[in-house]
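Student: Here's my sequence, what's the structure:
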Amino acid sequence: MNLRSTLAIARKDALDIILNKTTLFALLTPLFIALLYALFLVVFGQHNTEILVYNPGNSQVERAVSSYFDKAKVTHVNSSQEVTAAFGPDGSHKDSPYAAGLIIPNNFEQQIAQGQKPEVTLYMNNDQGAGSQERGALASIITAYVTTLKDPHPLDLKMAMINPPKSEIAVEDILQSMFGALGLLMSFITGISVVSSLLVEEKEKKTLRMLMVSPATFTDVIMAKLLVGLGYQLLLSIVVALTLQTLTGNVPLLLVFILLGSCLALAFGLLAGCIFQTNNAVGVFNGVGSMFFFVPGFFAGGVMGSLLQDTPATQVMKFVPTYYLSDGIFKALNNQGWNASILLDAGILLGSIAVLFALAAWLLRRQASVVALI
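Tutor: You can find the predicted model right below:
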């Protein structure tokens, strides 16, 4: 394989995709869908986070806590009793407009520097969006700030949460996870459409034989198409994940399944480029391919997955490789670690990728011999 020839062809293909309005629109379609959902969250999902603070010494702990929230509205009171009265003891149920409460003693920084053990109290209200995740994050923020003053620090941090979450997952969390996973699954159509369109375009324009006259080999041409497809696929998947705020849970595991999904999409795209001869046929295949990635997401996780768990339709979906891609993504978003089920998902995906690439390689070998004879 000639690396210089491969990179030169890949550079040309990458520019052609951007300059062609049709392919550019197809490339950006998953991003448009993600942006619409993000706009929905901005318009309907965001609200001011009310924080009740007693901070007689103007400690910087207040700024560290309030900066965690996107839209924080801080209300100051004159006594710690007012904060305590607004929340109540840990685990209690109370209607309160405040998401968080903070009691910081006077001369807090000086007490830390002198090695004393000042007590900071942090209240959380799960009904106002300050749940277990925010509780852990704010505790880490406060601890990190105090550590900059004195390490090891003598801080005594007291935490209490009212209206604690029930065992069921909140509706907002369910929707966030479901739409995030489905958005990622939709983004994988990029790899299919880019690779298949680039290959078929060479066939339609009769440029494949011209490339074979150059120093580039047939393998160089195919590797260039795959390189461009992988680059655009990974870039778009990460952008969609960031747009939908999906890089949560077990992020390393999520990135592994994004890579596996990208490779699976490239394998499908390569196979389609080998089989079809026109862009119209590829367009039909891409439409079917989008459903092939998207539909199993309703059966693998989220609300629909729970409702359809033991139905015949779910059992049928388990014969589809993308079901295991959906399952792995949902489990990563739910912060699951490596276990037997996730290893099964990854193993089936790797096997499917290997089979598809092997089939495409066999078809390409036959096509390469035909091109060589022309």
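
Student: got any ranges where the stretch 201-350 of the chain has weak pLDDT?
Tutor: 208-216, 302-307 (pLDDT under 70).

Student: Would you map the helices across it?
Tutor: 208-213, 218-243, 251-275, 279-294, 297-300, 302-307, 312-317, 321-333, 340-373 (DSSP state H, counting those that start in this stretch).

Student: so which of those gets nearest residue 70?
Tutor: Nearest to residue 70 among the helices of the stretch 201-350 of the chain is helix 218-243; the distance by Cβ to Cβ comes to 15.3 Å. C-betas here are computed from N, CA, C, even on glycine.

Student: Just the buried residues of the closest one, please?
Tutor: Within helix 218-243, the residues that count as buried by 16 or more other Cβ atoms under 10 Å are 218, 220-230, 232-234, 236-241, 243.

Student: how near is the closest residue to residue 83 other than its chain neighbours to residue 132?
Tutor: Distances taken as Cβ to Cβ, 6 or more residues apart in numbering place residue 101 nearest to residue 83, at 4.5 Å, with adjacent residues excluded. Per Cβ to Cβ, to the nearest Å, residue 101 is found 16 Å from residue 132.

Student: higher neighbour count, these two?
Tutor: A direct count of neighbours by other Cβ atoms under 10 Å for residue 101 and residue 132 places residue 101 higher, at 28 against 12.

Student: Wasn't the more buried one part of a strand?
Tutor: Yes - under DSSP: H, G, I helix; E, B strand; the rest coil, residue 101 falls within a strand.

Student: didn't it look like it was pressed against residue 128?
Tutor: No - look at residue 101 against residue 128 with Cβ atoms under 8 Å: they stay out of range, at 10.7 Å.

Student: what's the distance between stretch 235-243 and the middle of its chain?
Tutor: 7 Å (Cα atoms, centre = their mean, to the nearest Å).

Student: Which parts of the stretch 51-200 of the chain are strands?
Tutor: Here the stretch 51-200 of the chain has its strands, by DSSP state E, counting those that start in this stretch, at 72-76, 100-103, 119-125, 156-162.

Student: Kindly compare burial across these and name the winner.
Tutor: When the strands of the stretch 51-200 of the chain are scored by mean count of other Cβ atoms under 10 Å, the highest mean neighbour count falls to strand 100-103 (a mean of 25).

Student: now for that strand, which elements pack on it?
Tutor: Strand 100-103 sits against strand 49-54, helix 61-66, helix 80-87, strand 119-125, with contacts defined as 3 or more Cβ pairs under 8 Å, 6 or more residues apart in numbering; DSSP states H and E.

Student: Tell me the buried residues in the second one?
Tutor: Meaning helix 61-66. By 16+ other Cβ under 10 Å, the buried positions in helix 61-66 come out as 61, 62, 65, 66.

Student: could those residues go into TSV alongside pLDDT and distance to residue 278?
Tutor: What follows is the buried residues of helix 61-66, written out as TSV (pLDDT from 0 to 100; distance: Cβ to Cβ, whole Å):
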residue	pLDDT	distance to residue 278
61	92	65
62	93	64
65	90	60
66	89	59
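
Student: just the residues you listed now: which is nearest residue 48?
Tutor: Taking Cβ to Cβ as the measure, residue 48 lies nearest residue 66 of those, at 11.4 Å.

Student: The closest residue to residue 193 other than its chain neighbours: what's it in contact with?
Tutor: Spatially, and ignoring its direct neighbours in sequence, residue 193 is nearest to residue 286 (4.7 Å; Cβ to Cβ, 6+ apart). Residue 286 is in contact with 26, 189, 192, 193, 196, 272, counting by Cβ atoms under 8 Å, 6 or more residues apart in numbering.

Student: Ok, residue 264 next?
Tutor: Residue 264 is in contact with 188, 191, 321, 322, 325, 349, 352, 353, 356, counting by Cβ under 8 Å, 6+ apart.

Student: ok, how many other residues are close to the fifth one?
Tutor: Spelled out, that is residue 325. Here the number of neighbours of residue 325 (other Cβ under 10 Å) works out to 29.

Student: Tell me how far the residue nearest to residue 83 lies from residue 179.
Tutor: Applying Cβ to Cβ, the value for residue 101 to residue 179 is 32 Å.

Student: Over to residue 331?
Tutor: From residue 331 to residue 179 the distance is 17 Å (Cβ to Cβ).

Student: of those two, who's got more company?
Tutor: Neighbour count, other Cβ under 10 Å: between residue 331 and residue 179, residue 331 has more, with 24 against 20.

Student: Could you give the number of residues near the nearest residue to that one once chain neighbours are set aside?
Tutor: Take residue 331 and drop its neighbours on the chain: the residue closest to it by Cβ to Cβ, 6+ apart is residue 342, 5.8 Å away. Applying other Cβ under 10 Å, we find 20 residues neighbouring residue 342.

Student: who touches the nearest residue to residue 134 once chain neighbours are set aside in this structure?
Tutor: In space, and not counting its chain neighbours, residue 134 is closest to residue 124: 6.4 Å by Cβ to Cβ, 6+ apart. By Cβ under 8 Å, 6+ apart, the contact set of residue 124 is 99, 100, 130, 131, 134, 135, 138, 159, 160, 161, 162.

Student: Make CSV out of the residues you listed and add distance to residue 252.
Tutor: Converted to CSV, those look like this (distance: Cβ to Cβ, whole Å):
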residue, distance to residue 252
99, 30
100, 30
130, 27
131, 23
134, 22
135, 23
138, 24
159, 28
160, 33
161, 29
162, 34
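
Student: Which of the residues you listed sits closest to residue 146?
Tutor: Using Cβ to Cβ, the contacts of residue 124 come closest to residue 146 at residue 138, 12.6 Å.

Student: Please look at that closest one and residue 67 and confirm they touch.
Tutor: No - the pair residue 138 / residue 67 is not scored as a contact, 10.6 Å apart, by Cβ under 8 Å.

Student: I appreciate the help and will end here.
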